[in-house]
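Engineer: Make a model of this:
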Amino acid sequence: MECQVQVVAQGMWALADLVDASRRLVVEADGHEVHATRRGFRKDVRRYTEMVVFGWTVLRFTWEDVMLQPDFVRWALRSWVRAQDGERVPAPPPVLARLR
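Structural biologist: Residues are numbered from 1 along each chain as shown. Got it, this is the predicted structure:
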């Protein structure tokens, strides 16, 4: 994984938090302050959609996920890789605060 990588395709440019180019995986850690405006929210949603259209998988986590629930983040990343490799995905780890 590389940090702060440019993802470029026909007419699309994005700066992604983490990228595994060999797996075409983008990992984003989003803080609330970035999406505090309607324009910022719209811009990021469109950017994520464009990356998916051009064949990238985008896994998004909140700042709270990364800082307070690292077991969940590790499980999600490892499970995505396992699923891509045709392996069984384990159940998610128990977490203190599940959002439903």
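
Engineer: what separates the most centrally placed residue in the chain from T37, distance-wise?
Structural biologist: The centroid of the chain falls nearest to L59 when counting by Cα atoms, centre = their mean (2.3 Å). Going from L59 to T37 by Cβ to Cβ, to the nearest Å gives 24 Å. Every residue, glycine included, has its C-beta placed from N, CA and C.

Engineer: do the same with L68
Structural biologist: Distance, L68 to T37, using Cβ to Cβ: 24 Å.

Engineer: List the buried residues in the one helix or strand T49 maps to.
Structural biologist: Using DSSP states H and E, T49 sits in helix 38-53. For helix 38-53, burial by neighbour count (16 or more other Cβ atoms under 10 Å) applies to D44, R47, Y48, E50, M51.

Engineer: For burial, what's the neighbour tally of A91?
Structural biologist: Neighbour count of A91, defined by other Cβ atoms under 10 Å: 7.

Engineer: can you tell me the average pLDDT over stretch 51-64?
Structural biologist: Mean per-residue pLDDT for stretch 51-64: 94.

Engineer: List the buried residues in it.
Structural biologist: By 16+ other Cβ under 10 Å, the buried positions in stretch 51-64 come out as M51, W56, V58, F61, T62.

Engineer: These into a markdown table, with extra columns for secondary structure?
Structural biologist: A markdown table is the format used below for the buried residues of stretch 51-64 (DSSP: H, G, I helix; E, B strand; the rest coil):
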| residue | secondary structure |
| --- | --- |
| M51 | helix |
| W56 | coil |
| V58 | strand |
| F61 | strand |
| T62 | strand |
